[in-house]
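# Have a look; sequence and predicted model below, questions after that.
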Amino acid sequence: MSVWGVIGDGPWGCALAARLAGADNDVRMVGLGKRPRGLPKAIAYSRDLGAVLDGAERLLVALPPSALEPALADMAPHLQGHHRVVTTARGLTPATHLRATEAFRTLTAVRQLAVLAGAADAEALMAQKPVGLVVGSAFPSWADEIQRSLASPTLRLYTNPDPIGVELANALAAVFGVAMGAARQAGVGPATESTALTRALAEMDRLVQGMGGRPNTAYGLAGLGVLGEIVFDGGGHAFQAGLALAKGDLDAACAHAEVREIARTFAARAERQHLRAPMVRTVDALFAGVLDAQEAVGALMSRAARPE
Amino acid sequence: MNAPLFQFNRHRDDIEREVVGRVVDQLGRHAGNDPVRSYQLVLNDAAFHEIHRLERTHGREAERLDSWQRLARRIGRMGADELREEVQRLAAWYVGDVVGHFDRRVYRFATSALPVGLSALFNTTDLANGFGALRDLSKRIQIEGDLDLLRRLADEGTLVVVPTHSSNLDSIVLGWSLFEAGLPPCTYGAGKNLFTNKMVGYFMRNLGAYRVDRRLRHVLYKDVLKTYSQVLLERGYHSLFFPGGTRSRSGEVEQKLKLGLLGSALAAFSERLQRGDTRPLYVVPVTINYPLVLEAETLVEDYLKEAGQARYIIEDDEFSKAARVAHFAVKVMGLDTSMVIRYGAPLDLFGNRIGPDGCSAGPDGTRLDAARYLTRDGVPVADADRDAEYTRQLGREVARAFLRETVLLPTQVVGWLLFERERRMAPHLDLFALLRTTSGDRHDMAELCADGERLLQALRALEDAGQLRLAPSLRSAPVDEVLDEAVRTFGMYHAREAVERTTEAMVVRDPKLLFFYGNRLAAWAEGLREVLA
């Protein structure tokens, strides 16, 4: 039996903790409030971060990017080289625009890092529906251990040696999901939606590589997989935000705060790194109210001609 | 001073035996658990590479072609014992060729004679005043960094010194700086071609350098080298290696590092832990910053000729000509600008900073136990993939340290400024066209000073942000003086002047040299270009 610490008691933390406990692991969850309802009894719950970190070297960190940096300040004094971390955070930190594993690398002593991503939501995981996820890590033995610990007949886990690409693609898919929602609402038609989809993937691939990931990771489960889910489902935050933006309902769009924040932080990071990101910048401008949908389509269509 | 190298000769035979034994065992597992097949593969690989090489070689070495050809014909008929004996024989031969030597008398002589010798080249009046000469060399070569901490770390553990590499003089000036800073001598691998200079070879051979023959590409030889360096580290010998692999041809600060010997350091640490030896290894990034580079002309020619696919070994450069080295030394000693050897903050093998207490420290200052990076559930676990990734991460940390600890000098800044202005004036020209056509271009002094002022402000901001370091004159002197200092320095040594100053303009004379020296700023060029735009 392996000891796992789960940091974060939101839906993702609870769903994954339940999966770990179901695979006969000793799971110790840390949260800020009361024990979540429905959390399996086998999972210990506490508010004592230090005790959990001191007792578990395998850590699943299910915190949003906005909560990450303050949490890492609390975690750092308890983290040593033997700790291994897998994160589920989707997006970049608000002020410094770091990926979650980048924040861990910068602010703590942990080196063995992994990221869990893919086209599945916490509800499906908790309900034991069949889903697939990908573990990105440059440490093969850690990725294998996560795979062994979580995989089950209803959870198919793949490994990928490009954690940066997996992490970026997983978050960028949400931004491009907004664009796809906006295109649907604008009624541009299937042909133009297809064009938008291919351009979105090309931009995702370019940004992933520009920010340190590998070619083609964008076309895997974390990128194309997640974007496909957003478009096929049509009910998720990203797509709904896109629909609202195309209607000009900024308040409704900004209610999807996580998606808005991903667009903002990626636009800022792309600018800082001098990376070409027309769709990401357009989505950010839509959220900021700088452009409306018609202007956005016009701006994207009138760019200089390029080879594919 | 904890200087294991002083006792090297006493342990030399034992070290050789250990290396040969380990190499033979390791290579026996080269193709899984089948020693016969493993040794056959290793010997075939060695024979193939050596025959290929020797067929293109003339002179005494070519005489060995015959024996390799005979071996190649025999391998398939050799039994298990014979194969092992042959691998052992070759391993012992190569170890004998590689292994260094340390003569304390030579060390004492070299460390006392080098400053006097170099200073005497500069100013004969100093011959009458040995101490004066020593002081003078200290002025010409500045040593910076937290040397107190490094001296303490050298007593508590093993230093792995990793410098940038611009010139074949690096190991000489760095060796002197270790002595001057009160740090112990380091063993290091030096290209066999450097030993052909008899005098330099004599000193290197007796000061702990071991010989690396870069022409040998086969697995057996590479394993001998890797194992030898690892055994030395395991035994606590402070070591030095150039992670850039070879001298920077373009003049840039190296960012693509070879990780082999950093990997050996981690393997040595792991091996020590398994023996219960918890002494740490400390990685010390060092930047060697020359206002003038002895081999600048050859290096940049080589970079351009091969369009980045540089010759790995250059045997006919300025370093091979004793008179040229002496000429260079005289000129460098006469410069206004000092060369700077900057010892960066030490790191552990996982890229963590080392605190004042000699322990690894996390970014928040948490004291770390480096051994725990190699454990799983409290037990040390061998994991080659994990260690390879640790080493890649350490390599990136060293590359970042190289940038942070680079000390920019006026020749480099002015080289970049002038070449960048040329790029802006002719944005449609590629690098080679620029280098061909810009000799004789005039840069109006008023415009140049305005651009120079903006550039200096940007560089000072980068220094304030901890991204690089500047020579004192770049920190405070007016741009006009910086330009003058660079022109004077360029004019001191190179056969063809890089740039000429008239009353109203600077005239480009050798764009290749400006390109070479300016490339030291390449890592920051994108941001700096915006400042000039």
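Arrived safely. Numbering: from 1, shown residues only, chains lettered A, B, ... in the order given.
# Check the chain for its longest helix and report it.
You didn't say which chain, so I picked chain A. If you go by DSSP state H, chain A has its longest helix at helix A:163-186.
# Please refer instead to chain B.
Determined from DSSP H, the single longest helix within chain B is helix B:384-405.
# so what's A:Leu172 up against?
Applying CB atoms under 8 Å, 6 or more residues apart in numbering or on different chains to A:Leu172 gives the contacts A:204, A:207-208, A:218, A:223, A:262, A:266, A:280. In short, each C-beta sits where N, CA and C put it, glycine included.
# which of these lies closest to chain B?
Nearest to chain B among the contacts of A:Leu172: A:Leu207, at 17.4 Å, using CB to the nearest CB.
# The helix or strand of chain A with the lowest mean pLDDT: how far from the chain's middle?
The helix or strand of chain A with the lowest confidence, counting by mean pLDDT, DSSP states H and E, is helix A:293-301 at a mean of 79. Computed by CA atoms, centre = their mean, to the nearest Å, the separation of helix A:293-301 from the middle of its chain amounts to 27 Å.
# near chain A, which residues of chain B?
Residues of chain B lying close to chain A (CB under 8 Å from any CB of the partner chain) are B:350-352, B:360, B:362-364, B:366, B:368-378, B:383, B:385-386, B:389-390, B:392-393, B:526.
# cutoff 6 Å now
B:350, B:362-364, B:366, B:368, B:372-373, B:375, B:383, B:385-386, B:389 (CB under 6 Å from any CB of the partner chain).
# Can you tell me the element residue 199 falls in?
With no chain named, the answer covers chain A. In the assignment (DSSP states H and E), A:Arg199 maps to helix A:190-210.
# if you could check chain B rather than the one you did, that'd help
Going by DSSP H and E, B:Met199 is in helix B:198-206.
# Which SSE is immediately downstream of that helix?
Taking DSSP H and E, what comes next after helix B:198-206 is strand B:209-212.
# if we can go back for a sec, just the buried members of the residues of chain B next to chain A?
B:350, B:362, B:366, B:368, B:372-373, B:375, B:383, B:386, B:389 (16 or more other CB atoms under 10 Å in any protein chain shown).
# Take those residues and keep only those in helices.
If you go by DSSP H, these have B:386, B:389 in helices.
# In strands, which of the buried ones among the residues of chain B next to chain A appear?
Per DSSP state E, strands hold the following members of those: B:368, B:375.
# Format the buried ones among the residues of chain B next to chain A as TSV; extra columns: distance to B:Thr503 and pLDDT.
Listed next are those as TSV, based on distance: CB to CB, whole Å; pLDDT from 0 to 100:
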residue	distance to B:Thr503	pLDDT
B:Phe350	57	98
B:Gly362	57	97
B:Thr366	60	95
B:Leu368	60	97
B:Arg372	66	97
B:Tyr373	62	98
B:Thr375	69	95
B:Asp383	67	95
B:Arg386	64	97
B:Glu389	58	97
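# Of the buried ones among the residues of chain B next to chain A, which is the nearest to A:Gly235?
When these are ranked by distance to A:Gly235 (CB to CB), B:Glu389 comes first, at 39.2 Å.
# quick revisit: the residues of chain B next to chain A: which two are farthest apart?
Among these, the pair separated by the greatest distance (CB to CB) is B:Asp364 and B:Asp385, at 28.3 Å.
# Geometrically speaking, which residue is the centre of chain B?
Geometric centre of chain B, nearest residue: B:Phe242, 2.9 Å, by CA atoms, centre = their mean.
# which residues does the residue lying closest to that residue once chain neighbours are set aside contact?
Spatial nearest neighbour of B:Phe242, chain neighbours left out: B:His165 (4.0 Å); criterion: CB to CB, 6 or more residues apart in numbering or on different chains. Contacts of B:His165 were listed using CB atoms under 6 Å, 6 or more residues apart in numbering or on different chains, and they are B:242, B:244, B:247.
# And the second one, how far from chain A?
By that I understand B:Gly244. 21 Å (CB to the nearest CB, to the nearest Å).
# for that residue, helix, strand, or coil?
Under DSSP: H, G, I helix; E, B strand; the rest coil, B:Gly244 falls in the coil class.
# That one contacts B:Glu254, correct?
Yes: in this structure, B:Gly244 is within contact of B:Glu254 by CB atoms under 6 Å, at 3.5 Å.
# Make sure I have this right: A:Leu68 is in a strand.
No: counting by three-state DSSP, one finds A:Leu68 to be helix, located in no strand.
# mind listing what it touches?
A:89, A:93, A:100, A:103.
# Assign a three-state SS to the closest residue to chain B within chain A, would you?
Per CB to the nearest CB, A:Gly81 is where chain A lies closest to chain B, at 3.3 Å. Assigned with three-state DSSP, A:Gly81 falls in the coil class.
# Contacts for stretch B:189-205 next, please.
B:101, B:110, B:209-214, B:313, B:315.
# ditto for stretch B:378-387
A:139-141, B:266, B:273, B:374.
# Endpoint to endpoint, it covers what distance?
From its first residue to its last, stretch B:378-387 covers 17 Å (CA to CA, to the nearest Å).
# can you pull the buried residues of it?
B:383, B:386-387.
# thinking again about what came up before, doesn't the residue nearest to B:Phe242 belong to a strand?
No: under the criterion used here (three-state DSSP), B:His165 is coil, not part of a strand.
# backbone phi and psi for it, please?
Here is the backbone geometry of B:His165 (degrees, to the nearest 10): phi -140, psi 110.
# Thought B:Val286 was touching B:Ala401, still the case?
No: using CB under 6 Å, B:Ala401 is not in contact with B:Val286, being 9.1 Å away.
# And stretch B:19-29, how far out from the chain middle?
From the chain centre to the centre of stretch B:19-29 is a distance of 28 Å (CA atoms, centre = their mean).
# Point me to the helix or strand that includes A:Leu125.
helix A:122-126.
# Summarise which helices and strands that helix is packed against.
Counting contacts by 3 or more CB pairs under 6 Å, 6 or more residues apart in numbering or on different chains; DSSP states H and E, helix A:122-126 packs against helix A:11-22.
# what's the helix it packs on in contact with?
A:4, A:6, A:27, A:29, A:36, A:39-40, A:42-43, A:60, A:62, A:88, A:122, A:125-126, A:150.
# Identify each buried residue in stretch A:232-239, please.
So, applying 16+ other CB under 10 Å, buried residues of stretch A:232-239: A:236-239.
# err, stretch B:460-472, not the other one
Neighbour count says stretch B:460-472 has B:462-463, B:467-471 buried, by 16+ other CB under 10 Å.
# Which members of the residues you listed are the farthest-apart pair?
B:Gln467 and B:Ala471 (15.5 Å).
# Who wins on neighbours among the contacts of stretch B:378-387?
When neighbours are counted by other CB atoms under 10 Å in any protein chain shown, B:Leu266 leads those with 25 neighbours.
# I figured A:Ala296 was touching A:Arg281, is that so?
No: A:Ala296 sits out of contact with A:Arg281 when judged by CB under 6 Å, with a separation of 9.9 Å.
# Tell me where the stretch 1-150 of chain A has helices.
Ranges of helices within the stretch 1-150 of chain A are A:11-22, A:49-55, A:65-75, A:100-107, A:122-126, A:140-150, based on DSSP state H, counting those that start in this stretch.
# Repeat that for the stretch 201-308 of chain A.
Going by DSSP H, counting those that start in this stretch, the stretch 201-308 of chain A shows helices at A:226-233, A:237-247, A:250-254, A:257-272, A:278-288, A:293-301.
# Of all the residues in the third one, which ones are buried?
Read that as helix A:250-254. In helix A:250-254, the ones that count as buried by 16+ other CB under 10 Å are A:253-254.
# Quick one: mean pLDDT over that helix.
What helix A:250-254 shows for mean pLDDT is 93.
# what's the distance between that helix and the middle of its chain?
With CA atoms, centre = their mean, you get 21 Å for helix A:250-254.
# same check, this time on the fifth one
Distance of helix A:278-288 from its chain centroid, counting by CA atoms, centre = their mean, is 19 Å.
# residue contacts, the residue sitting nearest the centre point of chain A?
Nearest to the mean C-alpha position of chain A, by CA atoms, centre = their mean, lies A:Arg90 at 2.3 Å. Counting by CB under 6 Å, 6+ apart, A:Arg90 touches A:170-171.
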